[in-house]
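In: What follows is a predicted protein model with its sequence.
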Amino acid sequence: MNQFRIEVATEGQAHNFNIRPLENSVYEIYTDEDKIGTIELDDDNHDHCLVSDCELDLPLINAIREGIQAYQKSHS
């Protein structure tokens, strides 16, 4: 799967991120070309994820997780 772009909203503000899939449900998160973190989705529990090297707040992380899951569903 190639890099894709998602738009998520938290607290009424829109945010755009580029998502680069790696292996085993791991994705790198970018704003433009700057990497801001890595997220690993839990395939067994869709409400759970692990985040590393990321300084985003929890609502935004959850919105990114949901955006990635929605992208996966629409492109599978």
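Out: Cool, the structure landed.

In: Could you look up the SS state of the most centrally placed residue in the chain?
Out: In the chain, the residue lying closest to the centroid (Cα atoms, centre = their mean) is residue 64, at 3.8 Å. Following DSSP: H, G, I helix; E, B strand; the rest coil, the label given to residue 64 is helix.

In: pLDDT weak spots in the chain?
Out: Low-confidence segments of the chain, defined by pLDDT under 70: 1, 46.

In: And the strands in it?
Out: 4-10, 13-21, 26-31, 34-41, 49-52 (DSSP state E).

In: Output those as TSV; include the columns mean neighbour count and distance to residue 58.
Out: All C-beta atoms are positioned from the backbone trio N, CA, C, and that covers glycine. Formatted as TSV, these follow (neighbours: other Cβ atoms under 10 Å; distance: least, Cβ to Cβ, whole Å):
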stretch	mean neighbour count	distance to residue 58
strand 4-10	15	10
strand 13-21	15	14
strand 26-31	18	14
strand 34-41	16	12
strand 49-52	14	9
